[in-house]
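# Pasting the sequence and the predicted model now:
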Amino acid sequence: MRAKQNFFSRAALGFVVAATGVGAGDLLTASLAGSSVGLVILWAAWAGALLKFVLNEGIARWQMATNRSILEGWLLHLPSIFPWLFFFYFILWSFYVGGALINACGVAGVGFISFGRPGLARIIWGCLHSLAGLILVWRGGFELFQRLMTYLTAAMVITVFLGVILIKPDWLLVLKGILWPSFPRSGSSWLLAVMGGVGGTVTIICYGYWIKEKMRQGGEGLKECRFDLGVGYALTAFFGLAMIIIGSRITVKGRGDEVAWQLADSLGQVLGPAGKILFLAGFWSAVFSSLLGVWQGVPYIFADFLRISRRSRLIKLLRGEMNEEGGKSRQEEPERKSFPEEKSPLEMNEDLTRSWPYRLYLLAISFLPLVSLLFTVQKIQLIYALLGAFFMPFLALTLLILNNKRNLVPPDFLNGWLTNFFLIISLLFFSYCGWREIRPLLLSLF
């Protein structure tokens, strides 16, 4: 019993990663893909999770090697225009991801209790979920947050697993779809959607702040991080696989809230009322856990960016003075301070969750996106998907730059050839996905 408790205690942060990264859009996209092209794209779920694992492992490895967040790496070692472009992009992304999650929680609430018109009920449920997330994050602290995310992830796993077992798929075809990559003749867009959708986008950065709460650093810290991420992205792949399998056994059409209700009704026809309740419980767990993860993690990014942007200008100024006085190049001496043996001048000692930028942004993301409840679910989800497509290539490129520099990262933490290979694949793949998303909009404008 103790071994099991130890495992679940160690895996708690992995549950947080999975719960934050798997939201309503991922579950619905996977189920729609399964309904449209069947089991042949099952492999895309674990392939997408693998790419996200490599990206998040790169962020963790940078932080364990340098005691600096990835934001600090961008501000100190990239041209200043890139971090600030990310910052303005991040503000816009926050509004739309907040809107997408609030709308999804509203849809989940209507699935259980629909009072009055569905549109009005969605607005009321969305507001209530956003307020609940605000209170839990503001008052609960990291330990309560981690505990809640573990319970919600467990609920997701149980409901989705039972759904897969009860619909009785053809397990030989399932195994073939997982192990034998194939490309559907008419359905490449679903392949890209499944691979690109699993595991989150900008929320990947939040993991760096959660491991800071655990006070990890160095080689031992990296081992723990790889365990977390292994658990988190194994669960992410499982959810993607399961929803494709479920979708392959039923017929669903449409988008947004209609798909959620239609999927629940279809499972109810196959499995009876229990199947509908199972799906609605799992769907609610997925969307509310994602909202909690964003409400807790995204304000970290805002607060940290403001903190380190002020200090990074001072650090760069001091480096310039050191180079002039000592005649030393920037590459020879100042960069050594990134190694874990020496404390980073930007090491995060203060509790950011109690800082005014963190709490201000928590209030902003809880209330400002409520206006999106007046828009259609489809429009909010589309804009959110478009914005998310731009971040992944940027992250892959910066990890290729930062984690390959020997004057920044100790030898044991440098990218290996296999990591570089997957980062290049991520850069090319997510760039292509982003182009596919934005191209129709450009064509419609000109």
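Arrived safely.

# Which positions in stretch 241-251 come out as buried?
Leu241, Ala242, Met243, Ile244, Ile245, Ile246, Gly247, Ser248, Arg249, Ile250 (16 or more other Cβ atoms under 10 Å). (C-beta placed from N, C-alpha, C; glycine too.)

# How about stretch 352-371?
For stretch 352-371, the neighbour count (16+ other Cβ under 10 Å) marks 352-353, 355, 357-359, 361-362, 364-366, 369-370 as buried.

# when you check these against the helices, which ones overlap?
Those of the buried residues of stretch 352-371 mapping onto helices are Pro357, Tyr358, Arg359, Tyr361, Leu362, Ala364, Ile365, Ser366, per DSSP state H.

# count of neighbours near Phe227?
If you count neighbours by other Cβ atoms under 10 Å, Phe227 ends up with 15.

# OK, contacts around it?
By Cβ atoms under 8 Å, 6 or more residues apart in numbering, the contact list for Phe227 reads Arg10, Ala11, Gly14.

# does it sit in a helix, a strand or a coil?
Secondary structure, DSSP: H, G, I helix; E, B strand; the rest coil: Phe227 is helix.

# how close does it sit to Asn407?
As judged by Cβ to Cβ, to the nearest Å, Phe227 and Asn407 stand 29 Å apart.

# what's the answer for Asn56, then?
24 Å.

# who are the neighbours in contact with the nearest residue to Ser182 once chain neighbours are set aside?
Excluding the flanking residues, the one nearest Ser182 by Cβ to Cβ, 6 or more residues apart in numbering is Val40, at 5.0 Å. For Val40, the contacting residues are Gly177, Ser182, Pro184, by Cβ under 8 Å, 6+ apart.

# which residues in the stretch 1-150 of the chain form strands?
Secondary structure of the stretch 1-150 of the chain (DSSP state E, counting those that start in this stretch): no strands present.

# Check whether Asn404 sits in a helix, strand or coil.
For Asn404, the assignment made with three-state DSSP gives coil.

# Isn't it up against Asn420?
Yes. Counting by Cβ atoms under 8 Å, Asn404 touches Asn420, with 7.1 Å between them.

# list the helices and strands the helix or strand hosting Ile308 packs on?
For Ile308, the host element (DSSP states H and E) is helix 273-326. Under the contact criterion of 3 or more Cβ pairs under 8 Å, 6 or more residues apart in numbering; DSSP states H and E, helix 273-326 touches helix 12-21, helix 24-37, helix 70-77, helix 81-112, helix 118-167, helix 206-213, helix 257-271, helix 356-367.

# switch to 6 Å and redo it
Here helix 273-326 touches helix 12-21, helix 70-77, helix 81-112, helix 118-167, helix 257-271, helix 356-367, going by 3 or more Cβ pairs under 6 Å, 6 or more residues apart in numbering; DSSP states H and E.

# just the angle between that helix and helix 70-77, please?
Following axes from the mean of the first three to the mean of the last three Cα atoms, to 10 degrees, one obtains 30 degrees for the angle between helix 273-326 and helix 70-77.

# next one: helix 273-326 to chain centre, how far?
Relative to its chain's centre, helix 273-326 lies at 10 Å (Cα atoms, centre = their mean, to the nearest Å).

# all numbers from here: first residue = 7
From this message on, residue numbering opens at 7, which makes the last subject helix 279-332.

# dump the residue contacts of Ile173.
Counting by Cβ atoms under 6 Å, 6 or more residues apart in numbering, Ile173 touches Arg255, Val276.

# Quick check: the gap between Ala53 and Cys439.
Counting by Cβ to Cβ - Ala53 and Cys439 are separated by 13 Å.

# Neighbour count for the two, which is higher?
In this view Ala53 and Cys439 are compared by other Cβ under 10 Å, and Cys439 has more residues nearby, 22 against 19.

# Excluding residues flanking it in the chain, which one is nearest that one?
Closest residue to Cys439 apart from its sequence neighbours, by Cβ to Cβ, 6+ apart: Gly202 at 4.5 Å.
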